Structure formats: structure tokens, C-alpha cells
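*Asks:* Provided below are the primary sequence and the corresponding predicted coordinates.
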Amino acid sequence: MQTIIAISGSLRSASVNTTLLNIVATRLPSGIEYSIFEGIADLPHFNPDIDKGEPLPAVQRLRDRIREAAAVVICTPEYAFGVPGVLKNALDWLVSSGELNEKPVASISASPLYRGGDRAHASLSLTLEALGTKQVARVTIPAITTKLNGEGQLTHPETLQELDQLAQALVATIQP
Ligand SMILES: Cc1cc2nc3c(=O)[nH]c(=O)nc-3n(C[C@H](O)[C@H](O)[C@H](O)COP(=O)(O)O)c2cc1C
């Protein structure tokens, strides 16, 4: 079975970005295994001095999950016009080991503000380019808190359509 791994750039329990990744799960066809990787908070700060020899367990888990996945989807908030440190840290751990090289990746940014985290998204795209990923879809979602209801459902048809297109683009890259 093909697997898609999702990574949220937010560690908040009530994160709208994690909520969006749960919504992406509902837009995929059956027969695809989908899960959100929960371990990025367990990663140590990236340091090339400790990126040698046997990887630390938290690093190995991340690398294994990404290697086994046919595709990856990332959904992130913007912090101070950039990518949250915890997400950038996770991506830095994948530079030397190369699991993201040639991997299809879809990216989403979402913000309560009107720009939808586009500056973080632009920065994320550069990092994904540096990592050699195949960027298959990008969605930037402004005013996200007005588009979700209390049950974590998207009430904005255009955004749902954008997530559908993103899901289809991901699936098209991993299914012949
Ligand atoms: C430290 C910090 C910095 C932020 N900086 C930005 C920013 O630069 N741009 C933006 O659109 N929102 C910014 N926000 C607001 C976040 O977009 C908002 O908190 C969002 O809901 C976080 O996503 P989450 O719900 O997935 O945790 C910031 C929030 C925090 C806590």
C-alpha cells in the first residue's frame, strides 16, 4: 500500500494547520495509508557534529518514515515571516541523509491573517528545492479561522476545492 506522510509545522494541540492535514486525509482515495508524523518535537537541534555515525532514535524515526513514504504533505503556520523553527529543524535533519530527494511533496500554509503565511511558504519552497524534492502542489490559505467551523470542518468551498486538487496532484504522482 502506498503511504503519504504528513508533517505539521505547528505543535499546538488546537493547531489549524494540523486540522487541515486531518482534512487532507478525508480527501484521499481509499487504498492510501496516511498519517501525521508526530515526532518532530522530539528531534534535537540539528548539529552536523551529531549528524555522524548511528542516528539518534528520533532522527532515525523521521528518516525511516520519510523514506518509506511515497509522498509527503507539509502544512505550516508562519512565525515572524518564516517557517517555524521546529519544522525547519526537521527538514535540516533530512539534508545529509537525502530521504526527501526526488520525493513528491505538497505544501500548505495557513494563517488567520490575509496573506496566508505566504512568506513562510516561499521560504519552505526554497528549502524543499534545496532538498531536491518534487514540489507537486502548493496551497496558501488566508483567513483560515473564518473557514473552519467548531468541528474542524472546512466551510469554505473554494479552499476545499484547492485541497482536493492538492490531494489529486499527490495521488497522481504516486499512482501509475
Ligand atoms: C510567535 C508567533 C509568530 C507569528 N507570526 C506570524 C506571521 O509572521 N505571519 C502570520 O500570518 N501569522 C503569524 N502568527 C500567527 C499564526 O499564523 C497563528 O497563531 C496560527 O494560528 C498558528 O497556526 P496553528 O493554529 O496551526 O498553530 C504568529 C504566531 C506566533 C505564536
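*Replies:* Sure thing, it's come through.
*Asks:* The residue positioned nearest the centre of the chain and the ligand: what is the separation?
*Replies:* Among the residues of the chain, Ile74 comes closest to the average C-alpha position under CA atoms, centre = their mean, at 1.0 Å. From Ile74 over to the ligand the distance is 12 Å, taken as CB to the nearest ligand atom, to the nearest Å. Every residue, glycine included, has its C-beta placed from N, CA and C.
*Asks:* Look up which residues are beta-bridged to that residue.
*Replies:* Beta-bridge pairing for Ile74 (DSSP bridges): Ile7, Ser107.
*Asks:* same check, this time on Thr140
*Replies:* Beta-bridge pairing for Thr140 (DSSP bridges): Ser109.
*Asks:* list the contacts for it?
*Replies:* Ile108, Ser109, Ala110, Arg115, Gly116, Gly117, Asp118, His121 (CB atoms under 8 Å, 6 or more residues apart in numbering).
*Asks:* Pull the most distant pair out of those residues.
*Replies:* Pairwise distances across these peak at 14.0 Å for Ile108 and Arg115 (criterion: CB to CB).
*Asks:* ok, now how distant is Phe81 from the ligand?
*Replies:* Taken as CB to the nearest ligand atom, the span from Phe81 to the ligand is 5 Å.
*Asks:* coming back round to it: pLDDT wise, what is the residue nearest to the centre of the chain at?
*Replies:* pLDDT recorded at Ile74 is 98.
*Asks:* just checking, it touches Pro104?
*Replies:* No. Ile74 is beyond contact range of Pro104, at 11.7 Å (criterion: CB atoms under 8 Å).
*Asks:* OK, contacts around the residue nearest to the centre of the chain?
*Replies:* Ile74 neighbours (CB under 8 Å, 6+ apart): Ala6, Ile7, Ser8, Gly9, Leu87, Val105, Ala106, Ser107, Ile108, Leu124.
*Asks:* Mind putting the residues you listed into TSV with neighbour count, distance to the ligand and pLDDT?
*Replies:* Below are those laid out as TSV (neighbours: other CB atoms under 10 Å; distance: CB to the nearest ligand atom, whole Å; pLDDT from 0 to 100):
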residue	neighbour count	distance to the ligand	pLDDT
Ala6	23	13	98
Ile7	26	12	98
Ser8	27	7	98
Gly9	29	7	98
Leu87	25	11	98
Val105	25	19	98
Ala106	26	17	98
Ser107	25	14	98
Ile108	30	11	98
Leu124	27	13	98
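*Asks:* Brilliant, that's me finished.
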